[in-house]
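Colleague: need a structure here:
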Amino acid sequence: MVKVICDTSFLIHLANHRIKNLATLDTDIGEIQFLVPDIVLAELKNLAKKEEKTKEATATIQYIRNFQTIKIGGSFADDSILSYVKDTGGVIATIDKALKHKIKNHGGSVISIANNRIVLEASKGLT
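Modeller: Model (predicted):
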């Protein structure tokens, strides 16, 4: 099973939009486990307090309630996730273009969403 670290943008999209291949993800990509960094959960809780983001953030927190949470620390989610990738490598789930580029430059792989489907994007060294 591949453990996939999720960022805030990916989780919000996953929780609030219909993903076409969610039921067949094991066949399409392989068996994966979504992990939620502590800093991402804190960011979602802060977003839930903002009037314009309350509905999406609250739905996301509810959606991920059974996802495993991991401690990566830090004060800004993107920087913490990038630091994690630099130290350990791995697969990160994000739809943030700038973060995807940085992750790939540091040898990480990216799971993203394209056309309402979850897709795997290889690291720069593998493309």
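Colleague: what are the ranges of the strands in this structure?
Modeller: Under the criterion DSSP state E, the chain contains strands at 2-6, 32-37, 68-70, 91-93, 109-114, 117-121.
Colleague: pull up the pairing partners for the first one, direction included.
Modeller: It refers to strand 2-6. Sheet pairing here is set by DSSP bridges, and for strand 2-6 it gives strand 32-37 (parallel), strand 91-93 (parallel).
Colleague: what about I72, how many residues nearby?
Modeller: Neighbours of I72 under the rule other Cβ atoms under 10 Å: 18. C-beta coordinates here come from the backbone N, C-alpha and C atoms, glycine included.
Colleague: for it, which residues are in contact?
Modeller: Neighbour list for I72: I5, P37, D38, I39, S80, I81, S83, Y84 [criterion: Cβ atoms under 8 Å, 6 or more residues apart in numbering].
Colleague: now with 7 Å?
Modeller: Counting by Cβ atoms under 7 Å, 6 or more residues apart in numbering, I72 touches P37, D38, I39, S80, Y84.
Colleague: K102 now?
Modeller: Neighbouring residues of K102 by Cβ under 7 Å, 6+ apart: L82.
Colleague: V40 too?
Modeller: V40 touches C6, D7, T8, L11, A77, counting by Cβ under 7 Å, 6+ apart.
Colleague: tell me how far it lies from D87.
Modeller: Applying Cβ to Cβ, to the nearest Å, the value for V40 to D87 is 17 Å.
Colleague: and E51, by the same measure?
Modeller: From E51 to D87 the distance is 37 Å (Cβ to Cβ).
Colleague: more crowded one of the two?
Modeller: Neighbours per residue, other Cβ under 10 Å: of E51 and D87, the larger number sits with D87, 10 against 6.
Colleague: pLDDT value on that one, please?
Modeller: With respect to pLDDT, D87 scores 85.
Colleague: and for the one 5 residues further on?
Modeller: Note on I92: pLDDT of 93.
Colleague: picking up where we left off before, selection in ChimeraX covering whichever of the contacts of V40 are buried, please.
Modeller: Buried residues among the contacts of V40 (16 or more other Cβ atoms under 10 Å), as a ChimeraX selection:
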select :6,7,8,11,77
